[in-house]
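Colleague: let me see the structure of the following:
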Amino acid sequence: MAARYLAVCADVAAGGPADGPVPRPVARGYRSVVPKQSDVALTPPGQAPDEDPSLAVRNNGGADPGSAPPPPGRREAVLVLSFGGPEGHDDVMPFLENVTRGRGIPPERLVDVAEHYHHFGGVSPINEQNRALIAAVEADFAAAGLDLPVYWGNRNWTPFVEDVWAQMAADGIEHVYVFPTSAFASASGCRQYHEDVARARAATAGEPGGNGGPTAEKLPHFGDHPGFVQANADALAAALATLPEDQRDGARLVATAHSIPDAMAAKAGPTGGAYQAELMASARLVVDAVAPGREFDLVWQSRSGPPSVPWLEPDVNDHLRALAAEGVQAVVLFPIGFVSDHVEVIWDLDNEAAETARELGLGFARAGTAGTHPRFVGMVRELVAERRAGAPARLGTNCPAACCFVQRPARPAR
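Modeller: Prediction:
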């Protein structure tokens, strides 16, 4: 399907080694459907997101988080760290080349992918959404009397995290709390953000007089935080209310998240399987805030990779077909795995999944993401305050060295 190109450009996009099918935990509401067989990979078989093993440093290569408050007078900041995206037609090909560098992707394949970005004017909405989030966080900090500057860096497009790290060092920042635009455990959704910061610190250390710049700690996973839950619950309730009244009680609630390879999912978290487990727990909290105990499903979107490489399933479109065959009359999708309405959410759900629902005669509604919901914005401040108060480090901040590890080729220098 057309959306498969987007998997290479997502916050948690990943291709991975085929270690064979990995058993997945079956939780309430999870429904198994035959996987798609028509996917075309941008990432060659056997590869996963870029990783330089030399950067696999615990806690971002920064300070080991402990339970002591920061020393008085230390100059601190918050970094919103995201994936990045093009902001005009001329940016599209350089952006895609940046995302796929070192992977041997044929140029003609990138041309095909570029056409989808050009469909949106060459602009990915993720950058503007990050600007809006940062403005809201700054306003929230100011209202709460929290005097911390907020910076923004990306992995694959300007402002690049390496450049922002050098700027923070020049500004005299001594320690950074890193807020990634990804809530859950996985190599791409958590570990790679640690590596982004380690790479930025290494680049800053390599500059004349450089010492790596500020130390850092990534903020913990936040899928179960009340602010994230409330933002998604409000969006789910609003989406449900858009259905005709006679469809609301019987509408199937379907949570979606980015699919990742089975092998990668099996290694997520200290004991494996944390990606699915965290998503299921988060979705359960969201649904219970709207309709306690109501049944829901967790399904996947944006799969990439050849059929020979097992990824989490079922695909959302396959799942809609299965629901229609069961006699379900309406569905409400809520993209629990994403924090903003970027290209993947818009294309995969508002276009492809909505079209599938129309073909099947299903009533359809799609809930919004957390975006700049006040409770989600306030959550950022609360996570920072938790770390500044010396609270025990949680998963995502204090990760074992092998947590979510997937061996990948070294990432060439930008």
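Colleague: just the CA atoms of stretch 111-120, as PDB, please.
Modeller: C-alpha atoms of stretch 111-120 as PDB (Å, rounded to 0.1, in the frame of the first residue of the first chain):
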ATOM      1  CA  VAL A 111      12.100   9.400  -6.100                       C
ATOM      2  CA  ASP A 112       8.900   7.300  -5.500                       C
ATOM      3  CA  VAL A 113       8.900   8.200  -1.800                       C
ATOM      4  CA  ALA A 114       9.500  11.900  -2.600                       C
ATOM      5  CA  GLU A 115       6.300  12.000  -4.600                       C
ATOM      6  CA  HIS A 116       4.300  11.300  -1.500                       C
ATOM      7  CA  TYR A 117       5.900  14.200   0.400                       C
ATOM      8  CA  HIS A 118       5.300  16.500  -2.600                       C
ATOM      9  CA  HIS A 119       1.600  15.500  -2.300                       C
ATOM     10  CA  PHE A 120       1.700  17.500   1.000                       C
END
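Colleague: got the buried residues for it?
Modeller: Of the residues in stretch 111-120, 113-114, 116-117 count as buried by neighbour count, 16 or more other CB atoms under 10 Å. For the C-beta atoms, the positions are set from N, CA and C on the backbone; glycine is no exception.
Colleague: with stretch 96-105 instead?
Modeller: Residues of stretch 96-105 classed as buried by neighbour count (16+ other CB under 10 Å): 96, 98-100, 103, 105.
Colleague: make JSON lines out of these and add pLDDT.
Modeller: Below are the buried residues of stretch 96-105 laid out as JSON lines (pLDDT from 0 to 100):
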{"residue": "96", "pLDDT": "84"}
{"residue": "98", "pLDDT": "81"}
{"residue": "99", "pLDDT": "80"}
{"residue": "100", "pLDDT": "77"}
{"residue": "103", "pLDDT": "63"}
{"residue": "105", "pLDDT": "70"}
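Colleague: closest to residue 158 among these?
Modeller: Closest approach to residue 158 among the buried residues of stretch 96-105 (CB to CB): residue 98, at 10.1 Å.
Colleague: helix, strand, or coil at that closest one?
Modeller: Of the three states, residue 98 takes helix according to DSSP: H, G, I helix; E, B strand; the rest coil.
Colleague: once you drop chain neighbours, what's closest to it?
Modeller: Among residues not flanking residue 98 along the chain, residue 156 sits closest, at 5.0 Å (CB to CB, 6 or more residues apart in numbering).
Colleague: with distance to residue 191 added, can I get the buried residues of stretch 96-105 in JSON lines?
Modeller: Below are the buried residues of stretch 96-105 laid out as JSON lines (distance: CB to CB, whole Å):
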{"residue": "96", "distance to residue 191": "23"}
{"residue": "98", "distance to residue 191": "20"}
{"residue": "99", "distance to residue 191": "18"}
{"residue": "100", "distance to residue 191": "19"}
{"residue": "103", "distance to residue 191": "18"}
{"residue": "105", "distance to residue 191": "22"}
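Colleague: show me where pLDDT drops low in the stretch 151-300 of the chain?
Modeller: Along the stretch 151-300 of the chain, the parts satisfying pLDDT under 70 run over 209.
Colleague: now do the strands in it.
Modeller: For the stretch 151-300 of the chain, applying DSSP state E, counting those that start in this stretch gives strands covering 175-180, 215-218, 252-258, 296-301.
Colleague: strand partners (parallel or antiparallel) of the second one?
Modeller: Its sheet considered, strand 215-218 pairs with strand 175-180 (parallel) by DSSP bridges.
Colleague: spatially speaking, which residue is in the middle of the chain?
Modeller: Geometric centre of the chain, nearest residue: residue 182, 3.5 Å, by CA atoms, centre = their mean.
Colleague: the residue lying closest to it once chain neighbours are set aside: how many residues sit nearby?
Modeller: Excluding the flanking residues, the one nearest residue 182 by CB to CB, 6+ apart is residue 189, at 4.1 Å. For residue 189, the count of nearby residues is 30 (other CB atoms under 10 Å).
Colleague: from residue 323, how far off is residue 189?
Modeller: According to CB to CB, to the nearest Å, residue 189 and residue 323 sit 27 Å apart.
Colleague: may I ask you to name the longest helix in the chain?
Modeller: Longest helix in the chain, counting residues (DSSP state H): helix 126-144.
Colleague: what helices and strands are in contact with that helix?
Modeller: Applying 3 or more CB pairs under 8 Å, 6 or more residues apart in numbering; DSSP states H and E, one finds that helix 126-144 makes contact with strand 76-82, strand 150-154, helix 374-388.
Colleague: which of those sits most buried?
Modeller: Ranked by mean neighbour count, these are led by strand 76-82 with a mean of 24 (mean count of other CB atoms under 10 Å).
Colleague: what sits up against that strand?
Modeller: Here strand 76-82 makes contact (CB atoms under 8 Å, 6 or more residues apart in numbering) with 11, 70, 126, 130, 133-134, 137, 148-155, 161, 164, 168, 171, 173-181, 193, 196-197, 214, 216, 380, 384, 388.
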